[in-house]
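In: sequence first, then the predicted structure, then my questions.
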Amino acid sequence: MAQDGSVQPTFFAEGRLDGQAFLRRERGTVEPQGLWAKNLSTETWRKETKDLKEKVEDLRKCLGEILGLQKEKGGLHSLQEIVSCEMGEDSHPRGVRRLYYDGELLLSCGLETHGCTVPQASAQTLALEMEKTCDMDELSRHYWAHVRGELCAKLQGYLKSWTSFTERTVPPAVTVTCSQALEGTDNLTCQAVSFSPQNISVAWYQDEKAVSPDTQQSGGVLPDGNGTYQTWVTLRVPQGEEQRFSCHVEHGGNHSVHAVPCGKAPGRHRWWIISGALTLVIFIVTWFCSYTKMTPLVLRHQESIELEDLQQSQVLTRTASHQRPVFQPRAISSTEGA
């Protein structure tokens, strides 16, 4: 980066493997990015630090030469270089090196053609000036040697370690959260992070039955940026029914079920009502059965008492009819005077 014609010591670099960052250099320090990079050897990081230090000097020198060719040197200017190497199943390297000045493509060098081109018409003038002061053939050979001899060689070495790293199984960390959606509804989100490989199944179930995928919103499986992956699935449900749902996760042959942390237990109040009603029904049935068993006994007992009373009445009647009244004779005396 340059300010008003003087090159500033500002340099930023980032290395990527299969689209995921594995190194970053900022403020003079090279730092590994992600789990895979942190497991690389100390010698690997010593070599990366040395290469990037040399790259800083190369770009600073190149930017100074470009500024020397410019008539207007004021303002802020930047020089960016992107070097990439691709390797397919045939192990044949395909490399590209691009140079950007102030965000505009200045040079594009291909490994297959061993040459550099100027794609942008607006950069033609600067490129012609560079041809006058620089040996473009030598520059092309240097680019080709760097891409094929250094970058692609690194890629071949990294692929062995990267393949074994990505083939390992890392179980997901699963989190279930609730958030209010529209009035009367809640969003249930099941998120799985830091898992590898990327093959995973995350789905919502209602009352132990799978919910239709059409009603679930998924974010897809995305790189976590550290060699692992992440995904999430959201479902909208009526408030008060959250506990009827659960998140099912399958990964690496393992299956786990995760409950929803919000809402009330399903049908808890209803079960109390049902239990109370059932107890009352059992009590009524028991009482009725006891009553039906006791009723004949009571009736027979009452009939026995009535029959006994009737017999006693008849006995008393007979006794009264057969008895006669008994009269005792009275003594009569009189005294007469003369």
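Out: Alright, I've got the coordinates.
In: do you know how far S84 is from Q33?
Out: From S84 over to Q33 the distance is 17 Å, taken as Cβ to Cβ, to the nearest Å. Just so you know, the C-beta spots here come from the backbone N, C-alpha and C atoms, and that holds for glycine as well.
In: give me the more crowded residue out of the two.
Out: Q33 (19 against 15; other Cβ atoms under 10 Å).
In: only the buried residues of stretch 194-203, if you could.
Out: Residues 195-196, 200, 202-203 are the ones in stretch 194-203 that count as buried (16 or more other Cβ atoms under 10 Å).
In: residue ranges with poor pLDDT in the chain?
Out: The model of the chain has pLDDT under 70 over residues 1-9, 71-74, 111-115, 118-124, 127-146, 148, 265-338.
In: care to break it down by domain?
Out: Per automatic domain parsing, the structural domains of the chain span 2-166, 173-259, 276-305.
In: quick one: the helices in the chain?
Out: Here the chain has its helices, by DSSP state H, at 35-38, 42-69, 124-133, 136-146, 152-166, 268-322.
In: by contact count, what packs against the first one?
Out: Translated: helix 35-38. strand 20-26, helix 152-166 (3 or more Cβ pairs under 8 Å, 6 or more residues apart in numbering; DSSP states H and E).
In: which one of those is the most hemmed in?
Out: Looking across these with neighbours counted as mean count of other Cβ atoms under 10 Å, the highest average goes to strand 20-26: a mean of 18.
In: show me what contacts the residue lying closest to P213 once chain neighbours are set aside?
Out: In space, P213 comes closest to A203 once its chain neighbours are excluded; the distance is 7.6 Å by Cβ to Cβ, 6 or more residues apart in numbering. Residues counted as contacts of A203 (Cβ atoms under 8 Å, 6 or more residues apart in numbering) are 210-211, 213, 216, 233, 247-248.
In: can you say which of these are buried?
Out: 211, 216, 233, 247-248.
In: related to what we said a few turns ago, between the contacts of A203, which is nearest A37?
Out: V233 (29.5 Å; Cβ to Cβ).
In: now the closest one: how far from W204?
Out: Look at V233 and W204: by Cβ to Cβ, they are 6 Å apart.
In: give me the common contacts of those two.
Out: 190, 216, 247.
In: beta-bridge partners for the closest residue to the first one other than its chain neighbours, please?
Out: Spatial nearest neighbour of C190, chain neighbours left out: C247 (3.6 Å); criterion: Cβ to Cβ, 6+ apart. Note on C247: beta-bridge partners W204, H258, judged by DSSP bridges.
In: ok, C247 - contacts?
Out: Contacts for C247 were tallied using Cβ under 8 Å, 6+ apart; they are 174, 176, 188, 190, 202-205, 233, 257-258, 260.
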